[in-house]
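Undergrad: build the 3D model from these lines:
(one chain, ligands or ions: 2)
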Amino acid sequence: MSTARDTLASARTSPQTDPRTDGHTDAQTDAQTPPALLQVESLAKRYTLPRASIVGAAPELQALAGIDFTLHRGRSLGVVGESGSGKSTLARLVMALEAPTAGRVVFDGQDLHALGSAALRRARAGFQMVFQDPYGSLDPRRRVGQTVTEPLALLGGVPAAERRERAVEVLEAVGLGAADLDKVPHEFSGGQRQRIAIARALVTRPKLIVADEPVSALDVSVQAQVLNLMQDLQDRWGITYLFISHDLAVVDLVCDEVLVLQHGHAVEHGAAAEVLRAPRHPYTQRLLAALPGAGRPGSAPGAESAPPTPAAASSLRGDAR
Ligand SMILES: Nc1ncnc2c1ncn2[C@@H]1O[C@H](COP(=O)(O)OP(=O)(O)OP(=O)(O)O)[C@@H](O)[C@H]1O
Ligand SMILES: [Mg+2]
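TA: Ligands and ions are numbered 1, 2, ... in the order given. Next up is the predicted model:
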């Protein structure tokens with residue numbers, strides 16, 4: 001029916017992409033589990049809100065209330081939850097864009113929030129971010145070459161000629177090329193702009209990419225292409241993803257594990273196959289029940305062109321995970 005389904009389904013049934021989808025639990029795969037890349041320990045963030053009046057304490061909001069997880073190399077962890085559940089807060093803390101109120105983010109053996117600024121700048125080569133909005137996240141006046149090489153310029157120490165070479169390398173990896181270096185964002189479609197954003201994230205050769213709703217702003221057929229590209233890059237270069245999405249169907253298609261956030265608490269965490277087929281927590285059950293699908297209340301007109309529900313995705317893949 002939709003290109004998204006077909007493309008995603010064929011990608012997920014290809015033998016090259018199968019090793020991460022065997023459906024075993026952590027306990028069953030311990031022997032083959034790759035080393036940890038990211039350890040998030042008791043991570044918490046409390047924001048102080050503006051006072052409503054001049055008397056009394058400023059109100060506080062617990063955006064993240066103590067999160068723990070380990071993400072292994074080459075794996076994908078999907079973070080799901082309703083708006084305001086703390087997904088982007090988690091992303092900002094993992095990316096060390098904001099300091100936590102408590103807890104640690106250990107990336108590749110380094111406690112990121114304990115690093116000095118020079119060490120943190122060097123560490124940033126190892127983790128990069130892709131944002132939701134490919135229109136807002138690219139500077140409209142900057143040429144693609146400058147946009148894509150920006151993380152290398154920030155890192156310092158990479159000569160201009162090498163920066164250009166690396167830009168061509170990553171543009172080619174995302175299906176663009178040297179001819180695009182001097183163009184500006186408005187010359188590209190939304191999907192192409194997101195490819196440029198992914199190229200920029202790849203240019204430092206990171207081990208981890210944090211993607212915050214990377215396909216939510218794209219048309220469904222384009223979503224499939226971008227998701228396939230991300231999986232391709234993972235298979236080729238062993239990239240690890242922290243993949244944030246409110247869309248459980250997308251997470252089901254691309255992630256090995258799922259972490260469910262509700263009001264800053266992790267209410268469920270496990271293999272995607274288990275959490276999305278047999279959710280234990282009532283909140284996860286409600287999220288799944290709210291997915292658009294045949295006969296479900298709240299199905300929008302045209303919902304048939306939306307990404308498949310997890311159950312549909314499973315049957316499309318023809319697997320039994
Ligand atoms: N800088 C801030 N100051 C105060 N409150 C904040 C700040 N950033 C986030 N919050 C609050 O923290 C909570 C979690 O926000 P967050 O952006 O992490 O949610 P989210 O799960 O990413 O939501 P969405 O799906 O809408 O993107 C929300 O209640 C939000 O209003
Ligand atoms: Mg968010």
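Undergrad: would you mind naming what in this structure lies close to ligand 2?
TA: By the rule CB under 5 Å from the ion, the part of the chain lying against ligand 2 is Lys87, Ser88. Yep, even glycine has a C-beta here, placed from its N, CA and C like the rest.
Undergrad: so where's the chain shaky on pLDDT?
TA: Applying pLDDT under 70 to the predicted model, the residue ranges of the chain that meet it are 1-31, 293-321.
Undergrad: quick one, strands of it?
TA: 36-48, 60-72, 76-80, 102-107, 110-111, 127-130, 208-212, 240-244, 257-262, 265-271 (DSSP state E).
Undergrad: closest one to Leu152 among those strands?
TA: strand 127-130 (11.0 Å; CB to CB).
Undergrad: sheet-wise, list the partners of the closest one with their directions.
TA: Paired strands of strand 127-130, with direction, are strand 208-212 (parallel) (DSSP bridges).
Undergrad: quick check: angle from the longest helix seen in the chain to strand 240-244?
TA: Here the longest helix in the chain is taken by residue count, with DSSP state H as the criterion, and it is helix 220-237. Computed by axes from the mean of the first three to the mean of the last three CA atoms, to 10 degrees, the angle separating helix 220-237 from strand 240-244 equals 160 degrees.
Undergrad: helix 220-237: how far from the chain's middle?
TA: Mean-position distance between helix 220-237 and its chain equals 12 Å (CA atoms, centre = their mean, to the nearest Å).
Undergrad: stretch 207-216 too?
TA: Taking CA atoms, centre = their mean, the mean C-alpha location of stretch 207-216 is offset from the chain mean by 3 Å.
Undergrad: quick one, helices of the protein?
TA: Assigned by DSSP H, the helices in the chain fall at 3-13, 26-29, 87-94, 117-123, 144-155, 160-173, 190-202, 220-237, 248-254, 272-277, 282-289, 310-317.
Undergrad: which residues does the nearest residue to Thr33 once chain neighbours are set aside bridge with?
TA: Counting by CB to CB, 6 or more residues apart in numbering, His72 is the residue found nearest to Thr33 once chain neighbours are left out, at 5.7 Å. With DSSP bridges applied, the residues forming beta bridges to His72 are Ala36.
Undergrad: so His72 touches Pro35, yeah?
TA: Yes. In this structure, His72 sits in contact with Pro35. The criterion is CB atoms under 8 Å, and the distance is 6.6 Å.
Undergrad: tell me which of these two has more neighbours.
TA: Counting neighbours by other CB atoms under 10 Å for His72 and for Pro35 shows that His72 has the greater number, 17 against 10.
Undergrad: ok, the more buried one to Leu248 distance?
TA: Separation of His72 from Leu248 (CB to CB, to the nearest Å) stands at 22 Å.
Undergrad: swap in Leu77?
TA: As it turns out, when the distance is counted by CB to CB, Leu77 lies 14 Å from Leu248.
Undergrad: looking at these two, which one has more neighbours?
TA: More crowded of Leu77 and Leu248, by other CB under 10 Å: Leu248, with 26 against 23.
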